[in-house]
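> One predicted model, sequence on top.
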Amino acid sequence: MNVLITGKNGQLGSELQEVSLESRHTFIFCNSHECDIRDQNVIETIVLKHKINTIINCAAYTAVDDAEDDEKNAMNVNFIGVQNLNTVAEKFKIKLIHISTDYVFSGEKSKPYKTEDAVSPIGVYGKSKRKGEEVILNSNTDAIAIRTSWLYSSFGNNFVKTMLRLGETKTALNVVNDQFGSPTYARDLARFCIQLLDVESLNSKQRIYHYANTGAISWCEFAKEIMSLAKLNCEIHPVSTDQYPTKADRPKYSVLSNEAIQTDFNVSISFWKDALQDCMNRLV
């Protein structure tokens, strides 16, 4: 099978480049310059040239705060780009795996969000990603969207690496303790995406799934565990979201339920502490 991976330089794309070495399939990795998903003709050219059977879309506009003032570009990538990928996938009868986000939820719940729960994004980024999901939901393509949350990796910029960098030079940090979610190690998600390549039909059951490492914590708790594992002498002080304002609002609670994906694909998902330890081992 020939697989096209978009967004190769992002966290998930970078992890896929490593874990794909263990796979029997052939992979073509592209960044935004090599495959601009905003251009349908470019996608078609690559699909035909490499005889692509499956696309895994890791390309995304992920600057949550910038999106508030840059809605056009966020929509062009997260909505129009997915529309183009889906059109090509439908035209050439190939599979499409699209990565979405917990930001499609408002964060008003207090128990894990299931795939069938109502969406209500509170910012431009979440709204643009929801528009991308709707493309999948309304298509005839053999496609699914996978929502994930609080993604981190040994690659790219993320919360874990930021905490490690600051923990080396700071004696104390303030971190919000009233936003709750499920930190997700991009390498675990990458392995699952590879596993999906051997599934005969992606959308035989449903179109939307959740994948996040198990467990629910606050950013503050996450930061404390990072410092503990790294043995850094940096105190983490809890603060409220109101004390740490950002341009874009974040969901207060966006823990994702993995029930559907575990049932339909018989996948085992690591506890967040175990996944973090694996990532820290690679970083340290």
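Yes, it's here.

> OK, contacts around the spatially most central residue of the chain?
Centroid check for the chain by Cα atoms, centre = their mean gives residue 148 as the closest residue, at 4.6 Å. By Cβ atoms under 8 Å, 6 or more residues apart in numbering, residue 148 lies in contact with 99-102, 184, 189, 210-212, 256. In short, each C-beta sits where N, CA and C put it, glycine included.

> what bridges to it?
residue 101 (DSSP bridges).

> How much space separates it from residue 103?
10 Å (Cβ to Cβ, to the nearest Å).

> repeat for residue 69
Taken as Cβ to Cβ, the span from residue 69 to residue 103 is 17 Å.

> Please report the distance of the nearest residue to residue 112 once chain neighbours are set aside from residue 182.
Leaving aside its sequence neighbours, residue 112 sits nearest to residue 257 (Cβ to Cβ, 6 or more residues apart in numbering; 3.9 Å). For residue 257, the distance to residue 182 equals 9 Å [Cβ to Cβ].

> One more: residue 116?
Going from residue 116 to residue 182 by Cβ to Cβ gives 18 Å.

> more neighbours, those two?
Using other Cβ atoms under 10 Å, the more surrounded residue of residue 116 and residue 182 is residue 182, with 25 against 9.

> tally of neighbours for the residue nearest to the more buried one when sequence neighbours are not counted?
Leaving aside its sequence neighbours, residue 182 sits nearest to residue 212 (Cβ to Cβ, 6+ apart; 3.8 Å). Residue neighbour count, defined by other Cβ under 10 Å, stands at 31 for residue 212.

> hey, where'd the strands end up in the chain?
2-6, 26-30, 54-57, 95-101, 143-148, 151-152, 172-176, 180-181, 184-185, 208-210, 217-218, 235-239 (DSSP state E).

> now the longest one against strand 2-6, angle please.
When you say that, I think you mean strand 95-101. 30 degrees (axes from the mean of the first three to the mean of the last three Cα atoms, to 10 degrees).

> name the helices or strands packed onto strand 95-101?
strand 54-57, helix 81-91, helix 124-137, strand 143-148, helix 186-196 (3 or more Cβ pairs under 8 Å, 6 or more residues apart in numbering; DSSP states H and E).

> List the contacts of the spatially most distant residue from the centre of the chain.
Most distant residue from the mean C-alpha position of the chain: residue 171, 31.2 Å away (Cα atoms, centre = their mean). Taking Cβ under 8 Å, 6+ apart, we find residue 171 in contact with 233-235.

> let's see 10 Å
Applying Cβ atoms under 10 Å, 6 or more residues apart in numbering to residue 171 gives the contacts 232-235.

> Going by neighbour count, which of these comes out on top?
Ranked by the number of neighbours (other Cβ under 10 Å), those place residue 234 first, at 19 neighbours.

> which one of the contacts of residue 148 has the most neighbours?
The most neighbours of any of the contacts of residue 148, using other Cβ under 10 Å, belong to residue 212, which has 31 neighbours.

> was I right about it contacting residue 272?
Yes: at 8.3 Å, residue 212 and residue 272 qualify as touching, with contact defined as Cβ atoms under 10 Å.

> Can you pull the residues that touch both of these two?
With Cβ under 10 Å, 6+ apart, residue 212 and residue 272 have common neighbours 150, 181-185, 188.
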